[in-house]
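Build me a model from this:
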Amino acid sequence: MAAREQALRFHAKTDKRIVCTVDDANGAPVILTGGTITWKLSRSSGSEALVTASVGSGITISDQSISPGEFIVVLAAASTTGYSGKYYHEARVTLGGAAEVVCYGPVTVLPSLG
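Okay, the predicted model is just below:
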């Protein structure tokens, strides 16, 4: 699986959908059926996770016959309340016993008046 950098920018206290697509080294979509996926938001790549999601708890694997290689992370507004500034996110997929980072990058959480 190829890792893809994905910069994110959104306001705190708002619902956010993050769409990630997983490809192999040749650029072909990876079928995610039967895999596990975790997504984390932290202050930096080496720090403790502040927000986490997994399949069934904030992550949905798209219908692989329609959108192969795609999964969606849904952050509820409450999960980013109190956050503002620069962060890091990372998604890891495990298929057939092999775990790999598939998307990662900087996150800017903007303050919200809401």
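
Can you name the residues bridging to T108?
Beta-bridge pairing for T108 (DSSP bridges): R9, K86.

can you pull the contacts of it?
Neighbour list for T108: A7, L8, R9, F10, G85, K86, Y87 [criterion: C-beta atoms under 8 Å, 6 or more residues apart in numbering]. Placement of C-beta: from N, CA and C, glycine included.

which of those residues count as buried?
L8, F10, Y87 (16 or more other C-beta atoms under 10 Å).

gap between the second one and K16?
F10 is 5 Å from K16, where distance means C-beta to C-beta, to the nearest Å.

what's the overlap in contacts for those two?
T80.

just the buried ones among the contacts of T108 now: which is nearest V102?
L8 (14.7 Å; C-beta to C-beta).

Next one: that closest one, what pLDDT does it get?
On pLDDT, L8 comes in at 96.

Who does V93 form a beta bridge with?
Counting by DSSP bridges, the residues bridging with V93 are I37, E100.

how near is A78 to A7?
According to C-beta to C-beta, A78 and A7 sit 23 Å apart.

Surely T33 touches I61?
Yes: the criterion here is C-beta atoms under 8 Å, and T33 meets it with I61 at 7.2 Å.

So for those two, which residue has more residues nearby?
Taking neighbours as other C-beta atoms under 10 Å, T33 and I61 compare with I61 leading, 20 against 11.

Which strand or helix spans I18?
strand 16-21 (DSSP states H and E).
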